[in-house]
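Let's see this in three dimensions:
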Amino acid sequence: MIHSEVESKLRSFGLTGCYQGYRCLVYAALLVHADPTALEMPSKLIYPEVARLCRIDIGNVDQAIRTAVQVCYRHSAPEVRAMCATSALPSIQQFMAGLAAYCDGRP
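Predicted coordinates:
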């Protein structure tokens with residue numbers, strides 16, 4: 001099941017459920033997995049749905065996800081860079097795309 005794959009990957013990066021961004025990233029990855037074109041406008045297509053599912057203010061979604069990505073990068077930078085195909089801290093869109101691609105079984 002993709003939900004457990006996403007959670008497993010995030011935990012392997014050192015991100016735990018104590019971060020609000022953990023749940024936000026799980027839901028965001030599921031949304032991106034279902035509709036990859038949503039990454040073209042995440043603040044309009046992904047954040048409102050994530051805010052509703054996580055029961056947080058839409059304005060807090062970006063910051064929660066940004067913090068979660070930074071935690072993942074701090075704990076597992078080489079693995080995050082490999083998953084996102086980047087040489088530095090990935091953007092939120094790059095991270096969500098990489099996470100969704102990982103769950104599809106793509107490198």
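
and Asp62, what element?
Per DSSP states H and E, Asp62 falls inside helix 58-84.

so what's the residue nearest the centre of the chain up against?
By CA atoms, centre = their mean, the chain has its centre lying nearest to Leu25, at 3.6 Å. Taking CB atoms under 8 Å, 6 or more residues apart in numbering, we find Leu25 in contact with Val6, Leu10, Leu15, Ile65, Ala68, Val69, Phe95, Met96, Leu99. (C-beta placed from N, C-alpha, C; glycine too.)

and what of Pro42?
With CB under 8 Å, 6+ apart, Pro42 has these contacts: Ala28, Ile92, Gln93, Met96.

Count the residues that sit near the last one.
To tie it back to what came earlier, the one meant is Met96. 25 (other CB atoms under 10 Å).

What of the first one?
Neighbour count of Ala28, defined by other CB under 10 Å: 29.

Now do the same contact list for it.
Pro42, Ile46, Val50, Ile65, Met96.

roughly how far apart are the last one and Ser4?
In this structure, Met96 lies at 18 Å from Ser4, with CB to CB, to the nearest Å as the measure.
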